[in-house]
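need a 3D model of the following:
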Amino acid sequence: MMITLLFLQLTAHLVADFLLQSEHWSLQKEKKIISKIHIWHILIVFASSWLFSLQLAFWSAALALTALHFFTDVTKSFIRIKWNKDWFFIDQFTHIIIITAIVWFYVDSDINQLPVLITPRIAAIIFAYTLCVKPSNIIIRYIFKYFSVKAPVETEEENGGGLPNAGKLIGITERLLVLTLVLLQQYSVVGFIIAAKSILRFSDAQKTEYVLVGTLLSFGIAILMGVMVSYF
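Purely as a prediction, here's the structure:
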């Protein structure tokens with residue numbers, strides 16, 4: 001039961017911290033240690049945590065999780081303003097530790113009442129598909145930032161009138177497709193897609209390398225999620 005509830009709460013975190021938190025909100029939180037954006041965000045955190053618990057009795061645990069989430073976000077904002085540091089992965093790791101601890105204490109209290117239909121595998125699949133959309137785009141962006149991988153600058157002529165945000169949509173689509181194929185154990189098709197994508201070349205070597213690294217990270221996340229789900 002703990003694994004099931006943990007996956008559901010991790011999914012709730014992805015929904016609150018990534019899907020329902022816009023880029024504008026994230027930037028606004030970096031300008032003040034405590035702002036109205038922080039308040040709106042923690043209300044969403046509480047609602048998501050309680051909703052994804054699938055049980056009324058989880059409200060107190062959701063409240064504790066929200067309070068610790070708020071403290072973590074305020075600390076992150078303080079560090080950002082004081083030292084201009086953006087510790088994205090440390091921040092996310094802290095959230096994961098908090099969620100795991102609260103779920104463990106809640107399950108240990110013997111008041112866990114998850115519906116029988118929600119199995120660990122179902123919860124893991126929900127988590128995997130949620131991670132493979134917008135959250136993965138942001139994770140990949142921060143990996144690029146950490147390793148100082150910069151997007152090649154394109155002129156309007158080189159872009160050829162390309163669609164705005166098309167790269168993000170392509171990344172999401174390919175991850176969802178690869179994850180589905182892994183879950184269906186169609187590994188040969190996954191290999192074919194990777195091979196086909198690797199053939200892609202651009203006149204600019206920097207752009208080719210940028211797309212290749214992004215593709216490998218994107219496929220890697222999807223495959224890792226698929227392998228994780230297969231254990232349940």
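
hmm, residue 13 and residue 41 touching each other?
No: with contact defined as CB atoms under 8 Å, residue 41 does not reach residue 13; the gap is 11.9 Å. C-beta: built from backbone N, CA, C; applies to glycine.

so what does residue 87 look like in phi/psi?
The phi and psi values for residue 87, taken as degrees, to the nearest 10, are phi -90, psi 70.

tell me the contacts of it?
Under the criterion of CB atoms under 8 Å, 6 or more residues apart in numbering, the neighbours of residue 87 are 76, 79.

what about it, distance to residue 43?
Using CB to CB, to the nearest Å, one gets 24 Å for the distance from residue 87 to residue 43.

repeat that for residue 128.
Here residue 128 is placed at a distance of 27 Å from residue 43 (CB to CB).

skipping its backbone neighbours, what lies nearest the spatially most central residue of the chain in space?
In the chain, the centroid-proximal residue (CA atoms, centre = their mean) is residue 135; its distance is 2.9 Å. Nearest-residue entry for residue 135: residue 18, 4.2 Å, with adjacent residues in sequence omitted and distances by CB to CB, 6 or more residues apart in numbering.

how far is stretch 169-188 from where the chain is centred?
Relative to the chain's own centre, stretch 169-188 is displaced by 17 Å; criterion: CA atoms, centre = their mean, to the nearest Å.

tell me the secondary structure for residue 176?
Three-state assignment for residue 176 (DSSP: H, G, I helix; E, B strand; the rest coil): helix.

mind listing what the nearest residue to it once chain neighbours are set aside touches?
In this structure, residue 176 finds its nearest non-sequential neighbour in residue 132, 5.7 Å apart by CB to CB, 6+ apart. By CB under 8 Å, 6+ apart, the contact set of residue 132 is 172, 175, 176, 179, 221, 222, 225.
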